[in-house]
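Colleague: Here is a sequence together with a model predicted from it:
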Amino acid sequence: METSQRELLTVEQAADLLQVSQSSIRSYIRQGHLSAFRIAGKRKVLIERSALLKLLEPARPEDLELEE
């Protein structure tokens, strides 16, 4: 792990952050769009905040032009 601590979120926290359902987050994980981790022997799934934010994309193509 990097020297800076990773910010890990639960499925519930990730869903709240993106304003989607928990089932949507689980679907992203199953489909391979989102990496997740499980602590050995535990049911809790954890997601890196940085991986979660990578799911976000501009709503319109012209939004990309504004950033350049």
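Modeller: Received the coordinates, thanks. Numbering: from 1, shown residues only.

Colleague: Could you list the low-confidence segments of this protein?
Modeller: 1-5, 61-68 (pLDDT under 70).

Colleague: which residues in it form strands?
Modeller: 8-10, 37-38, 45-48 (DSSP state E).

Colleague: and the residue most central in space within the chain, what is it in contact with?
Modeller: By CA atoms, centre = their mean, the chain has its centre lying nearest to Leu52, at 2.0 Å. Residues near Leu52 by CB atoms under 8 Å, 6 or more residues apart in numbering: 9, 14, 17-18, 34. No exception for glycine: its C-beta is placed from N, CA and C like everyone else's.

Colleague: Please identify, among those residues, the one with the most neighbours.
Modeller: Ala14 (27 neighbours; other CB atoms under 10 Å).

Colleague: Please look at that one and Leu46 and confirm they touch.
Modeller: No. Between Ala14 and Leu46 there is no contact under CB atoms under 8 Å: 9.1 Å.

Colleague: Identify the residues contacting stretch 27-46?
Modeller: Defining contact as CB under 8 Å, 6+ apart, one finds that stretch 27-46 is touched by 8-11, 25-26, 47-48, 51-52, 55.

Colleague: Adding distance to Ala40, write these out as a markdown table.
Modeller: Below are these laid out as a markdown table (distance: CB to CB, whole Å):
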| residue | distance to Ala40 |
| --- | --- |
| Leu8 | 15 |
| Leu9 | 19 |
| Thr10 | 17 |
| Val11 | 18 |
| Ile25 | 21 |
| Arg26 | 20 |
| Ile47 | 17 |
| Glu48 | 18 |
| Ala51 | 20 |
| Leu52 | 22 |
| Leu55 | 26 |
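
Colleague: Can you show me the helices along the chain?
Modeller: Counting by DSSP state H, residue ranges of the helices within the chain are 11-18, 22-30, 49-53, 61-67.

Colleague: now the shortest one, how far from the centre of its chain.
Modeller: What that stands for is helix 49-53. 4 Å (CA atoms, centre = their mean, to the nearest Å).
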